[in-house]
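**Q** coordinates only, sequence not included:
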């Protein structure tokens, strides 16, 4: 039996009716350092926008594409669309022209909402596709005729299994898929998230990940609205100069992130200071001193995050083990979650201080996860998922939909995992990434990358197989190298190449001394630029294989 909290049904209409009845005076949405709108005001704006949509001929089953960075208007447009029976098409703000065209064409969007900030990406070819195009900032039409007379707004009662959203995955494999999520998929998953970490009406979320991704959408918008909490958005990208002052002002109690954000902070603020030789480097190798350093550094990081943080959610990719060890020692309130767009997204997770090193935690309530046979003698296998959060299928692709479900209805995640005796899930990588060695052994590139990324000056890496050899593509932090070796600043270009070659060779020895014989690298290649990434900062591996 699915827990429904205070909702009459698992629909967007029920979600919004609940928040209007219970939390009308609470702060709901707003930009950092600007006035927050109340839940009552949010509902008024949703209803007003629904009337505008109806005047424009938008009704049940019509597709409304949203192309914008995060903002209160993004959330209002989203709620207005789905709660009147139309279908939302969230679009990542960093999409290129051909991707925008593909989504608009495939989804058959009738209305496109775009922010002024992103309108410059649009040309006549894009604008010609939907019937109407409007600016999200003020709902001013930039394509299509406005109406002379308003129509009567009639909103049908939605069913739990009605289609609510189609999300186009950014994908690490290069194949974008249109994931169909129902009202029940999304609302049930928000309730499941509340079961992992209860949210209260005095909680404050600071939103830094794109709302067009299922992770931020469900857990960073639907979950707080379910409980009357507030959500603050940033007008500019979350660089350090923008994010740090915002954290001090908002003092968030919950933040959702991806591993890259906290990994950069810890490596620069802690590891870089204590792992580069000298007396402190020697002391840092001693466990009691290292734990003390981690605890004190953790207090500083918590203060930098506003001092009131109780939940720092990490998902979208695997967290580096060394960084996680720091977070454990620091008693930092981090939490790990696992899921996919196809599971709305949360499927497994645990609350802060219940984490186990490198585990994603157990399956969330009402979700059944099992491991298929087929790898490492049956101990490691594909993660299979069944629950109310699992998608309806891929839009216009029944063949692929059938392929990703087992005969008894489990979704094939494409992830490799294993459970411990207490039911905690550990991921080993993607089935498509696993490399079959010359002697039939299973090689997991993600395990090797974890070792590589713990080498000084490495920011990220990808391990691939080329002509039967294990090859590591590695991106070094040139700024950090320059800062460390200031003595060759004058002839930096020539000496930097020499230094990178020295680091490349040393890295190969470093890695090969720490992995099994089947996982040893035959070649390390310096990657001059950062790797191309998805919305949750996972490397698009298909571009480098």
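**A** Ah, there it is. Please read all numbers here as calculations on a predicted model, not as lab measurements.
**Q** so how many other residues sit close to residue 543?
**A** 11 (other CB atoms under 10 Å). Yep, even glycine has a C-beta here, placed from its N, CA and C like the rest.
**Q** give me the sheet partners of the host helix or strand of residue 180 and which way each runs.
**A** Following DSSP states H and E, one finds residue 180 within strand 178-182. Using DSSP bridges, the strands paired with strand 178-182 in its sheet are strand 163-168 (antiparallel), strand 393-394 (antiparallel).
**Q** residues in contact with the first one?
**A** Spelled out, that is strand 163-168. Strand 163-168 is contacted from outside by 12, 63, 82, 87-92, 103, 107, 176-183, 185-186, 212-214, 217, 341, 392, 395, using CB atoms under 8 Å, 6 or more residues apart in numbering.
**Q** for it, the distance to its chain's centre please.
**A** From the chain centre to the centre of strand 163-168 is a distance of 16 Å (CA atoms, centre = their mean, to the nearest Å).
**Q** ok, now stretch 342-358?
**A** On CA atoms, centre = their mean, the centre of stretch 342-358 falls 13 Å from that of its chain.
**Q** same thing with stretch 298-316?
**A** 17 Å.
**Q** oh, and call the first residue 792 from now on, that's how I've got it
**A** Fine by me, first position is 792 from now on; the one you just mentioned is stretch 1089-1107.
**Q** measure it end to end?
**A** End-to-end distance of stretch 1089-1107 (CA to CA, to the nearest Å): 23 Å.
**Q** out of the contacts of strand 954-959, list just those in strands.
**A** Among those, the ones falling in strands (DSSP state E) are 854, 878-882, 969-973.
**Q** got CSV for these, with neighbour count too?
**A** Below are those laid out as CSV (neighbours: other CB atoms under 10 Å):
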residue, neighbour count
854, 23
878, 23
879, 26
880, 27
881, 26
882, 25
969, 20
970, 23
971, 21
972, 27
973, 24
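**Q** max pairwise distance over these: which two?
**A** 882 and 973 (19.9 Å; CB to CB).
**Q** just name the most buried of the strands paired with strand 969-973.
**A** Most buried of the strands paired with strand 969-973 by mean neighbour count (mean count of other CB atoms under 10 Å) is strand 954-959; its value is a mean of 24.
**Q** next, the angle from it to strand 878-882.
**A** 20 degrees (axes from the mean of the first three to the mean of the last three CA atoms, to 10 degrees).
**Q** how near is residue 1071 to residue 1270?
**A** 21 Å (CB to CB, to the nearest Å).
**Q** I'd like the mean pLDDT over stretch 866-874, please.
**A** Stretch 866-874 carries an average pLDDT of 98.
**Q** please compute how far stretch 1317-1324 lies from its chain's middle.
**A** Using CA atoms, centre = their mean, the offset of stretch 1317-1324 from its chain centre is 20 Å.
**Q** touching it from outside, list them.
**A** 1250-1253, 1264-1267, 1291, 1295, 1330-1331, 1334-1335.
**Q** show me what the mean pLDDT comes to for that stretch.
**A** The model assigns stretch 1317-1324 a mean pLDDT of 91.
**Q** mind listing what's buried in the one helix or strand residue 1295 maps to?
**A** Element membership of residue 1295 [criterion: DSSP H and E] is helix 1283-1303. The neighbour-count check on helix 1283-1303 (16 or more other CB atoms under 10 Å) flags 1286-1287, 1290-1291, 1294-1295, 1298-1299, 1301-1303 as buried.
**Q** how does the chain divide up, domain by domain?
**A** Following automatic domain parsing, the chain resolves into domains at 803-1022, 1049-1180+1196-1221, 1226-1334.
**Q** and those: which comes nearest residue 1039?
**A** domain 1049-1180+1196-1221 (6.0 Å).
**Q** what about the closest one, start to end distance?
**A** 18 Å.
**Q** again with stretch 983-1000
**A** For stretch 983-1000, the end-to-end distance is 20 Å (CA to CA).
**Q** ok, stretch 1273-1293 next?
**A** 14 Å.
**Q** other residues contacting the one helix or strand in the chain whose mean pLDDT sits lowest?
**A** For the chain, counting by mean pLDDT, DSSP states H and E, helix 1269-1275 ranks last in confidence among helices and strands (a mean of 78). Residues from elsewhere that reach helix 1269-1275 (CB under 8 Å, 6+ apart): 1059, 1063, 1067, 1248, 1280, 1283, 1287, 1290-1291, 1294.
**Q** and which of those is nearest residue 1114?
**A** residue 1059 (11.4 Å).
**Q** now do the contacts for residue 970.
**A** Residue 970 touches 957-960, 1005, 1132-1133, 1182, 1185-1186, counting by CB under 8 Å, 6+ apart.
**Q** low-scoring stretches of the stretch 842-991 of the chain, by residue?
**A** Low-confidence segments of the stretch 842-991 of the chain, defined by pLDDT under 70: 961-966.
**Q** could I get the domains of the chain in TSV, plus columns for distance to residue 1031?
**A** Shown next, in TSV, are those (distance: least, CB to CB, whole Å):
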stretch	distance to residue 1031
domain 803-1022	12
domain 1049-1180+1196-1221	9
domain 1226-1334	14
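**Q** so which of these gets nearest residue 1040?
**A** Taking the domains of the chain one by one with CB to CB, domain 803-1022 is closest: 5.9 Å.
**Q** could you look up the SS state of residue 1175?
**A** strand (DSSP: H, G, I helix; E, B strand; the rest coil).
**Q** apart from its chain neighbours, what residue comes closest to it?
**A** Nearest non-adjacent residue to residue 1175, counting by CB to CB, 6 or more residues apart in numbering: residue 1201, 3.9 Å away.
**Q** so the one you found touches residue 1177, yeah?
**A** Yes - using CB atoms under 8 Å, residue 1201 is in contact with residue 1177, at 4.7 Å.
**Q** tell me, what's touching those two both at once?
**A** With CB under 8 Å, 6+ apart as the test, residue 1201 and residue 1177 both reach residue 1159.
**Q** can you give me the helices in the stretch 942-1091 of the chain?
**A** For the stretch 942-1091 of the chain, the helices defined by DSSP state H, counting those that start in this stretch cover 974-987, 1005-1008, 1014-1018, 1031-1041, 1050-1057, 1063-1065, 1069-1075, 1078-1095.
**Q** for the longest one, buried residues please.
**A** By neighbour count with 16+ other CB under 10 Å, helix 1078-1095 contains the buried residues 1081, 1084-1085, 1088-1089, 1092-1093.
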